[in-house]
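[1] Got a predicted model here, sequence first, then my questions.
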Amino acid sequence: MLRLGGASVLAALALGAPAPAETWQPQTESPMWAKTREQLTQSGDLPARPWLFMEGLHTPALRAAEYLADPTRTRMGVAFDGALLIQKKDADNWTVRLVRMRALCNQQRLQRLSAQGAWVDYLGRDGTAAKVQWICALRPPG
């Protein structure tokens, strides 16, 4: 599942480990991820926004982190911007993938907006419902 197409890694992070709905929370952003996010924001690779760290992944081949910003209530649930920070093994540079997403609260599904402008489902995995429930409980800023 973890191929370097932005959506696949984002899906793996967003829908990864199983968690009971009443206990799932985003991970705490480590100092390493905070520094990486700040550097990518300063360089202009990541838009300056109040990004919320969701999860990070470290494997021998890849480091990746998922962020969420600008959650907005919609008729269907919550729409938001996702950012994926990716660094391949032995690479110096980071890749930033920005993805428009939505949580369909009543259906407990996540979707991303495709390049063609269509909403595409992520395949269900353990923990999806808990993460959708958490996103749907976010209070809009202001």
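    Sure thing, it's come through.

[2] Roughly how far does Q111 sit from V99?
    As defined by CB to CB, to the nearest Å, Q111 lies at a distance of 10 Å from V99. No exception for glycine: its C-beta is placed from N, CA and C like everyone else's.

[3] Assign a three-state SS to the residue positioned nearest the centre of the chain, would you?
    What sits nearest the mean C-alpha location of the chain, by CA atoms, centre = their mean, is E66, with 3.8 Å. Here E66 is recorded as strand under DSSP: H, G, I helix; E, B strand; the rest coil.

[4] In the chain, where is pLDDT below threshold?
    Applying pLDDT under 70 to the chain flags residues 1-23, 123-126, 140-142.

[5] mind listing the helices for it?
    6-14, 31-43, 128-136 (DSSP state H).

[6] Make CSV out of these and add distance to T72 and mean neighbour count.
    Below are those laid out as CSV (distance: least, CB to CB, whole Å; neighbours: other CB atoms under 10 Å):
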stretch, distance to T72, mean neighbour count
helix 6-14, 17, 21
helix 31-43, 21, 14
helix 128-136, 11, 20
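
[7] Any chance of those in TSV with distance to T95 as columns?
    Shown next, in TSV, are the helices of the chain (distance: least, CB to CB, whole Å):
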stretch	distance to T95
helix 6-14	8
helix 31-43	10
helix 128-136	23
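
[8] for those helices, which one sits closest to T74?
    Set against T74 and scored by CB to CB, the helices of the chain come closest in helix 128-136, at 10.8 Å.

[9] I'd guessed T74 sits against M101; true?
    No - in this structure T74 lies outside contact range of M101 using CB atoms under 8 Å: 11.6 Å.

[10] So for the two, which sits in the more crowded spot?
    M101 (22 against 13; other CB atoms under 10 Å).

[11] Would you agree the more buried one is in contact with L84?
    No - M101 is beyond contact range of L84, at 10.7 Å (criterion: CB under 8 Å).

[12] Please report the distance of D92 from R102.
    In terms of CB to CB, D92 sits 34 Å off from R102.

[13] And these two? Which one has more around it.
    Shown here are D92 and R102; by other CB under 10 Å, R102 has more neighbours (22 against 5).
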